[in-house]
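In: sequence-free structure coming up:
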């Protein structure tokens, strides 16, 4: 698990392509690829300081998305991770600005996962933050997944609905 990107793993479902909604609330899917444009460790540390077996770090990231998911995100990335053993957990809160299957707006999403040496991603979590959508993405809800291909390509998939 490289703290600069989500751990490599197969997503539980194929990342797929966008589906046209039949009604404003029917499920849709959009997928794309992303690159990390910037990764900046911060000096932020927990207070009070509590020493554990894995160091906790906080960083900010900027990501660029292409495909049916197109735009950029600003990310707060927190991890407890040991590079020597490839063991740890990350939690990321992203603020996305761009288009999702052609609909423009902004929204927040959160994702987390853990790894242990030689394991796939464990305890994955991915959710669109309710109430965070603006523009044509107002009312967005849903989930998604991240995956990293063997060649290093980073993929994202959103399974979402747009409420009234």
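Out: Perfect, I can see it now. Predicted model, so just to flag it, every value in this text is computed and none were measured. Numbers count the residues shown, from 1 in each chain.

In: element containing residue 99?
Out: strand 87-100 (DSSP states H and E).

In: tell me how far that strand is from the chain's mean position?
Out: Relative to its parent chain, strand 87-100 has a centroid offset of 3 Å by CA atoms, centre = their mean, to the nearest Å.

In: Can you give me the buried ones in it?
Out: Within strand 87-100, the residues scored as buried using 16 or more other CB atoms under 10 Å are 87-94, 96-100. C-beta coordinates here come from the backbone N, C-alpha and C atoms, glycine included.

In: same question, stretch 38-48
Out: For stretch 38-48, a neighbour-count test (16+ other CB under 10 Å) marks residue 39 as buried.

In: how long is it end to end?
Out: 29 Å (CA to CA, to the nearest Å).

In: ok, the residue with the largest distance to the centre of the chain to residue 55 distance?
Out: Each residue of the chain has a distance to the centre, and by CA atoms, centre = their mean the biggest one is for residue 48: 28.3 Å. As for residue 48, its distance to residue 55 is 16 Å (criterion: CB to CB, to the nearest Å).

In: center of this protein - which residue?
Out: Central residue of the chain (CA atoms, centre = their mean): residue 111, at 4.9 Å.

In: isn't that residue right next to residue 146, touching?
Out: Yes - judged on CB atoms under 8 Å, residue 111 makes contact with residue 146 at a distance of 6.1 Å.

In: before we move on, the earlier item: kindly indicate which of the buried residues of strand 87-100 lies nearest residue 158.
Out: residue 100 (6.2 Å; CB to CB).

In: Now do the contacts for the closest one.
Out: 30, 68-69, 137, 140, 158, 160 (CB atoms under 8 Å, 6 or more residues apart in numbering).

In: can you name the two of those residues that are farthest apart?
Out: By the measure CB to CB, 68 and 140 form the most distant pair in the contacts of residue 100, at 14.3 Å.

In: who's more crowded, those two?
Out: More crowded of residue 68 and residue 140, by other CB atoms under 10 Å: residue 140, with 27 against 22.

In: what separates the more buried one from residue 53, distance-wise?
Out: In terms of CB to CB, residue 140 sits 38 Å off from residue 53.

In: mind putting the buried residues of strand 87-100 in TSV, distance to residue 62 and pLDDT included?
Out: As requested, these are exported to TSV (distance: CB to CB, whole Å; pLDDT from 0 to 100):
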residue	distance to residue 62	pLDDT
87	27	92
88	22	94
89	22	96
90	16	95
91	18	97
92	12	97
93	14	98
94	10	98
96	11	98
97	11	98
98	13	98
99	17	98
100	18	97
